[in-house]
Structures are given as C-alpha cells and as structure tokens.
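Asks: Any chance you could fold what I've pasted below:
(2 chains)
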Amino acid sequence: MASLALKNLVKRYGKTEVLHGIDLEVEDGEFVVFVGPSGCGKSTTLRMIAGLEDVSAGEISIGDQVVNNLEPKQRNIAMVFQNYAIYPHMSVRKNIGFGLRTAKLSKAAKAERIVEVATLLGMEDYLDRKPNALSGGQRQRVAIGRALVRDPAVFLFDEPLSNLDAQLRTQMRLEIKKLHQRVGTTIVFVTHDQVEAMTMADRIVIMKDGYIQQVGTPAEAYHNPVNTFVAQFIGAPSMNMLPGVLDDQGLNLWNGVRVAWNLASSGPSHEVILGVRPEDLKPVAQSQAMLQGTISVVEPLGSETLLYVDIDGIEVIASGPGRHAPEPGSQIYLGAATDTLHLFDKESGVALK
Amino acid sequence: MSFYDKLSVKQKQTLWAWGFLAVPIVFYVVVRFYPTANAIVLSFQEWNLLGARTWAGFDNYVTLFHDPVFWKVFRNTFVYLLIGTPVSLVLAFIIAYHLDKVRFLHGTIRALYFLPFMTSAVAMAWVWRWFYQPVPIGLFNNFLASFGIAQIEFLNSTTNALPAVLAPAIWAGLGFQIIIFMAGLRAIPKTYYEAAHIDGVSGWTIMSEITLPLLKPTIVFLVVFSSIGFLRIFDHVFNMTTNNPGGPLNSTKPLVLMIYDTAFNSFDMGYAAAQTVVLFVILLIVSLLQLRLLRDR
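Replies: Okay, here's the model as predicted:
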C-alpha cells in the first residue's frame, strides 16, 4: 500500500498538449475516481501512472519514490482494463497466476495465493475454465483477480465496468467497493459515468479538456460544485441553468422574475447563471412560487415524477411526487429553498456562492 | 397466382440459393470431379493418348513402387516440404513481427516484400538462374569472387541444386505469408501486451505465451497452405533446370515434374495418373495430419 502524488503532470502528443498540469495527492488506502467526458485526459493520466505512457513534464510519485522513469513492473501497480485483457487461451488459474510470473515465490506458494484470491472473488469453482466459458461479470472478476494476486501498492482501473450490462454494472460496483474495504489498497478508478464516480469514490476528481475542474468528496462535488461544468456533469438529471443579472436590487432572472439574494457576497452587477437541481425544484402553492410555467412532459420514475416545465422559453426539470403527479399541459408553480440555489458567473462559469 | 408466388419465403430462398449454386456445381463436376474420377480410373489402365485404353490392374502402382526414380522424387518432394515450410514461416514471422512495429515507410516496405508474390514464377526463376551463373555472369559468384572465395556450383551440383531452387520459391511466397502474419498480429488486442508489460514478464514469455498461442489460427492456415504449395512445387524447378528438367541426375525433381515427364514426354498416361493419385493421397494425408495436430489441443 502506498500514497500517490501527481505534480504538475503534463502530457503532449507531438505539439498537442492533452494534459495541462495535473496536481493531485492520493492518500494511502484512498479510493479516488477520475471522471469526465471522453477526451478529458482521465485515461491518459491513469496510463501515465501505470507507466504505459511517457511523462512529458511533471512528476509522479508512488509512496515516496518518483517513478517517472521506472518500468510499469517496477512501480508495483496493477491495472484492470476496460476489455479485461484476460487471455482467451489460458484457464482462469493461469490468467490469475500470470501476474505472479515474476514473483519470487515457490510454486506451492503461488498456487495457494491464486486459490486465495479466487476465493476472495468467489471464483474458486471456475479456476480450470477458459474465459469464453465465463459470463461478463466473471471475466471482470478474473481481471481483478489477476491484479489482486500481486498485492500491488496501487490499483488502477480503466473504465472496467463499461462493457457490462446495467444490472451487472451496479453489482460489480458494489463488489469493487466491498473489495476495497476488505483489502484497503489505494485505488485510482477511471470512468465516464458520474453515478459510478459518486457511489464508489472517497474523493472524485472531475476533469475536462486536460484540466482538473474539482477534487472533493462526492457530497462536496454534488452540493458545492465549483463551476457550471461540474454542476451539470454531476447529478442526473442535470442541474437547471437559468440566466439572469445580479444588480443592486438582487437577482433578476431572464423572464423578469426577481429572486432575493444576498449581494454582499457576490460583488457588483453582472450577468450570472442560477443553478437549481431538479430535486430541489418542487411544485409549491402560488404564494410561495419562484417560477411559473406549463408542464410539457411528465416522466414517472416511481419514487418521484420528473416534470419538464416550459418557463418563458426555457425548459426546466422539476421533481413532483411519485403519486398524483400533475398532468402534462397544466400550469404549475415551482419553488426552491434558498440554500439549495447555486449562483455562477456567466462568463467564467465559476461559482459565486 | 403462379407456382412461384405460392412458395413460402423459406422455399423461395432455397430455390434461389440452389439456382446460384447450380452453376459452380455443374462447372466443378465437369472440370474437377469428372477428371479426378477419370484419373483414378486411368491409373489402373494403359494409355498412350492415341490408342485404346486397356486395363492394367495394379501394374502402374507396382511399377511405381519399384521405380528408383519415384523414391528419389518422393524424397525430393518431402525435402522441399520439410525445409521450405518451416524456413518460410519462420522468416515470414520474423519479418512481419518487426515490420508491424515500423512506422517509417511502412507501406513501401510491405509492398517490396509483396512484390515477388505478384511476379510471374517463370520470370523470377530465370532471374535467379542468372544470379546462380558462374563468373563473370552470375551475381552471387561475382560477389564471392570479389572476396576471393572459390566459385560455388549452384545449379550444377547434385547437393546444391535443390536448396538453390528452393530459395527463390521460399522468397516468392514470403510476401503473402508476411501479409497474413501481420493481419494476425494486428488482431491481437494491444491491452494484452500492456497487461503483460505491467505484470513485468519478459519479452520471451510474451512471445511464447501470448503472441504465438493467439496467432495459432494464422499459423495453422499458413502451415497447411504453404505445405500444399511446396508439395506441388513445379514451375520454379522446371524453369531453373530447363535444359535438364529436375536435374542434375533428378536431384531437384519433385513429384509434379515427374508426372509431367511421364505424361508428356513418355506419353505413359496410365503411369502418370497413378503418380497423380499418389500425390493426391500424400497431399490429403499431410493436410489432414497438420489440421489434426495443430487445431486440437
């Protein structure tokens, strides 16, 4: 087990810079998830940590050692790939044991270790099978087993769940989290799925265009997004973004609606964006309403109902009750508690609150 | 409604399928299966192309069995096979493996290797024949002479002639084998290598435990394909030894050339047919054996 530190990490392909200086400290035993849209540099960062990509500038340390110029095997890391990278011509036993090839252990000790890991993953009955006789989830477990068997300092996961169906993904998500609680190894996990990031991470690293946008616990990222990108990327459905102007009277929305706002903390008059999460925007009585509009579409989810409301040309998503939800076409009054509102500068997208 | 309209979709599909299949089937029956059957019948007969075909029983096969030239030729054919197939496969794999990693002029280099495959065997055989000539004509002997090394009789020696004929045959097939090997190498996911790299295993382990096992289907195909090629070798031998085909002293003569000789120089059609049947059986056994050995495990 070991900590991991990235210092001003830069990656260039020819003249194109794809990572523009990543700084991150991962504590020993922490579960960190890199999340972002495709092309944001999260997989590149992971591959650099693994040693599969050269470092253009900056420093990667594992434990107290700078590993920039070390071969992958010298870094004491293990990696699980998106397509599992388990060998189709080898049995599960040989696949898991492949990671032990270079280990200085006796044959018996290696065999014992393989069985131990397989048991941990619930795969002890499948050791002599070939991968094509396994289900997707079982193959995933073999891939994890091969990484686990070497007892690495850091575990790297490169979108390992994206090839699984929705149900299995939820199940494996839980299993990986449990596994982490049991073995306690530092994990860096890359995904494009914000739900995976939220559910698994101790800390989330949200990336976009080769920059880190925010680093924080799932709750921090969700409740205190630092900019509009994070606000919209984390949470499903996305946060509603309402344009407006902040002037000396308070907040003036695009349709002329005024919202009381504490100006002292927000600076002089300028264009802003008001962010409200759908679950915070609820049907209220006319007297408490902030916004008023016509329901265009209703999406019942069981526990709640998503209401797509047309408010003066902008479509806003609000959440209604699961039972007795309003009908499409009807008028609705919406309100949200003041402490659930997020304010962003329109130009820079930076959070103002 | 016509008869066709009353058929179900399945029946219509079957009708069309057989309609299209009928053409090649008829063609194959006429140009392949009938001559094959006829050759087998002919192998039990005497025929000089002009006279009547007379029954000879197993005479042709008995003659063949006692013919010292046949055994010499039999041995030659297997030398072509046993040297040609492994040497060409190993060379093709080594070239393909490294060419796969070269980015610089990749297309041009690949085209250079493929060129001999597209060239006519006759033209190539004659160019190589010129290479093998003694000083001052031959390229190789001139090169050796410039270092003061004694001349080598490439095509006029009973020991050197067979390898000398085999070399251009291997070289000609290399391009095709390289292309197939490269396609096989490309089909192996990169993450397999990356995973092995992270596990820190040696290059040799990666080669023997990952690359080669995953290339097995490619290797099986190429072994069978090139074995059939070397067992049927003819044009290179014939063109490089025209003044004495298969010589000197039958040292380069393969089975196909013997068949050609028997049929069109001796006009002993029955005997030639018996040799053809033997070649057919050899090809069948070798191919089946290779498929069995390489596929199952």
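
Asks: Which of the three states applies to residue 103?
Replies: Assuming you mean chain A. Secondary structure assignment for A:Ala103 (DSSP: H, G, I helix; E, B strand; the rest coil): coil.

Asks: actually it's chain B I care about, not the one you picked
Replies: With three-state DSSP as the basis, the three-state label of B:Arg103 is coil.

Asks: what about it, neighbour count?
Replies: As a burial measure, B:Arg103 scores 5 neighbours (other C-beta atoms under 10 Å in any protein chain shown). To be clear about C-beta, it is placed using only N, CA and C from the backbone, and glycine gets the same treatment.

Asks: Phi, psi for it please.
Replies: Per-residue torsions, B:Arg103: phi -100, psi -40 (degrees, to the nearest 10).

Asks: Next, work out how far apart it and chain A are.
Replies: Taken as C-beta to the nearest C-beta, to the nearest Å, the spacing of B:Arg103 relative to chain A amounts to 13 Å.

Asks: just B:Thr36 next, same as before
Replies: Relative to chain A, B:Thr36 is positioned 38 Å away (criterion: C-beta to the nearest C-beta).

Asks: which element is the closest residue to that residue other than its chain neighbours on?
Replies: The spatial neighbour of B:Thr36 that comes closest, neighbours along the chain excluded (C-beta to C-beta, 6 or more residues apart in numbering or on different chains), is B:Phe280 at 7.9 Å. Here B:Phe280, judged by DSSP states H and E, is contained in helix B:269-295.

Asks: How about B:Val237?
Replies: Remark: B:Val237 resides in helix B:235-240, with elements defined by DSSP H and E.

Asks: any residues touching that helix, and which ones?
Replies: By C-beta atoms under 8 Å, 6 or more residues apart in numbering or on different chains, the list of residues contacting helix B:235-240 from outside reads B:121-122, B:124-126, B:128-129, B:132, B:155, B:164-165, B:168-169, B:172, B:245-246, B:252-254, B:257, B:260.

Asks: try 7 Å this time
Replies: In this structure, residues lying in contact with helix B:235-240 by C-beta atoms under 7 Å, 6 or more residues apart in numbering or on different chains are B:121-122, B:125-126, B:128-129, B:155, B:165, B:168-169, B:245-246, B:252, B:254, B:257.

Asks: Name the residues of the stretch 51-200 of chain B found near chain A, please.
Replies: Applying the criterion C-beta under 7 Å from any C-beta of the partner chain, the portion of the stretch 51-200 of chain B that neighbours chain A consists of B:Pro189, B:Thr191, B:Tyr192, B:Glu194, B:Ala195, B:His197, B:Ile198, B:Asp199, B:Gly200.

Asks: how about low-confidence regions in chain B?
Replies: Per-residue confidence for chain B (pLDDT under 70) gives these ranges: B:1, B:296-297.

Asks: For chain A, what is the nearest residue in it?
Replies: Residue of chain B nearest chain A, by C-beta to the nearest C-beta: B:Gly200 (2.5 Å).

Asks: Secondary structure element holding the residue most central in space within chain A?
Replies: The C-alpha lying nearest the average C-alpha coordinate of chain A belongs to A:Ala197 (C-alpha atoms, centre = their mean; 2.8 Å). A:Ala197 is part of helix A:194-200 when elements are defined by DSSP H and E.

Asks: If we go by neighbour counts, what in that helix is buried?
Replies: Buried positions in helix A:194-200, judged by neighbour count with 16 or more other C-beta atoms under 10 Å in any protein chain shown: A:Gln194, A:Glu196, A:Ala197, A:Met198, A:Met200.

Asks: tell me the contacts of whichever residue of chain A sits closest to chain B?
Replies: The minimum distance from chain A to chain B, using C-beta to the nearest C-beta, falls at A:Lys73 (2.5 Å). Residues touching A:Lys73, when contacts are defined by C-beta under 7 Å, 6+ apart, comprise A:Thr102, B:Ile198, B:Asp199, B:Gly200.

Asks: Closest one to A:Gly122 out of the residues of the stretch 51-200 of chain B next to chain A, please.
Replies: Nearest to A:Gly122 among those, counting by C-beta to C-beta, is B:Ala195 at 21.9 Å.

Asks: Tell me which residues touch that closest one, please.
Replies: For B:Ala195, counting by C-beta under 7 Å, 6+ apart, the contacting residues are A:Phe81, A:Ala85.

Asks: 8 Å instead?
Replies: Going by C-beta under 8 Å, 6+ apart, B:Ala195 touches A:Met79, A:Phe81, A:Ala85, A:Phe98, A:Arg146.

Asks: which residue packs closest to the second one, ignoring adjacent ones?
Replies: For A:Phe81, the nearest residue in space outside its immediate sequence neighbours is B:Thr191; the separation is 4.5 Å by C-beta to C-beta, 6+ apart.

Asks: what about the one you found, which helix or strand?
Replies: Element membership for B:Thr191 (DSSP H and E) is helix B:190-199.

Asks: Kindly report the same for B:Val26.
Replies: For B:Val26, the enclosing helix or strand under DSSP H and E is helix B:9-28.

Asks: And for B:Leu283, the neighbour number?
Replies: Neighbours of B:Leu283 under the rule other C-beta under 10 Å: 15.

Asks: Next, work out how far apart it and B:Val165 are.
Replies: The spacing between B:Leu283 and B:Val165, counted by C-beta to C-beta, to the nearest Å, is 20 Å.

Asks: Next, give phi and psi for residue 104.
Replies: No chain specified, so I'll use chain A. Backbone phi and psi, for A:Lys104 under degrees, to the nearest 10, turn out to be phi -90, psi 70.

Asks: hmm, I had chain B in mind actually
Replies: The phi/psi pair for B:Phe104 (degrees, to the nearest 10) is phi -70, psi 120.

Asks: Distance of it relative to B:Val135?
Replies: Taking C-beta to C-beta, one finds B:Phe104 at 38 Å from B:Val135.

Asks: re the thing from before, who does the helix holding B:Phe280 touch, helix- and strand-wise?
Replies: Helix B:269-295 is packed against helix B:34-42, strand B:45-46, helix B:59-66, helix B:68-99, helix B:216-231, helix B:255-264, with contacts defined by 3 or more C-beta pairs under 8 Å, 6 or more residues apart in numbering or on different chains; DSSP states H and E.

Asks: Report the angle between the third one and helix B:68-99.
Replies: Angle, helix B:59-66 to helix B:68-99, by axes from the mean of the first three to the mean of the last three C-alpha atoms, to 10 degrees: 70 degrees.

Asks: Now do helix B:59-66 and helix B:255-264, the angle between them.
Replies: Taking the same axes, to 10 degrees, helix B:59-66 and helix B:255-264 form an angle of 130 degrees between their directions.

Asks: ok, now the fourth one?
Replies: Counting by the same axes, to 10 degrees, helix B:68-99 lies at 140 degrees to helix B:255-264.

Asks: residues contacting residue 132?
Replies: You didn't pick a chain, so chain A it is. With contact set as C-beta under 8 Å, 6+ apart, A:Asn132 has these partners: A:Pro88.

Asks: I was thinking of chain B, sorry if that wasn't clear
Replies: The neighbourhood of B:Tyr132, defined by C-beta under 8 Å, 6+ apart, consists of B:Gly138, B:Phe140, B:Asn141, B:Phe154, B:Leu155, B:Ala164, B:Met240.

Asks: Max pairwise distance over the residues you listed: which two?
Replies: Every pair in those was compared (C-beta to C-beta); the two farthest apart turn out to be B:Asn141 and B:Met240, at 15.6 Å.

Asks: that older thread, with distance to A:Arg169 and pLDDT as extra columns, can I get the buried residues of helix A:194-200 in TSV?
Replies: Conversion of those to TSV gives the following (distance: C-beta to C-beta, whole Å; pLDDT from 0 to 100):
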residue	distance to A:Arg169	pLDDT
A:Gln194	13	91
A:Glu196	8	91
A:Ala197	13	92
A:Met198	14	92
A:Met200	11	92
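
Asks: Max pairwise distance over those residues: which two?
Replies: Comparing all pairs in the buried residues of helix A:194-200 by C-beta to C-beta, the longest separation belongs to A:Gln194 and A:Met200, at 11.1 Å.
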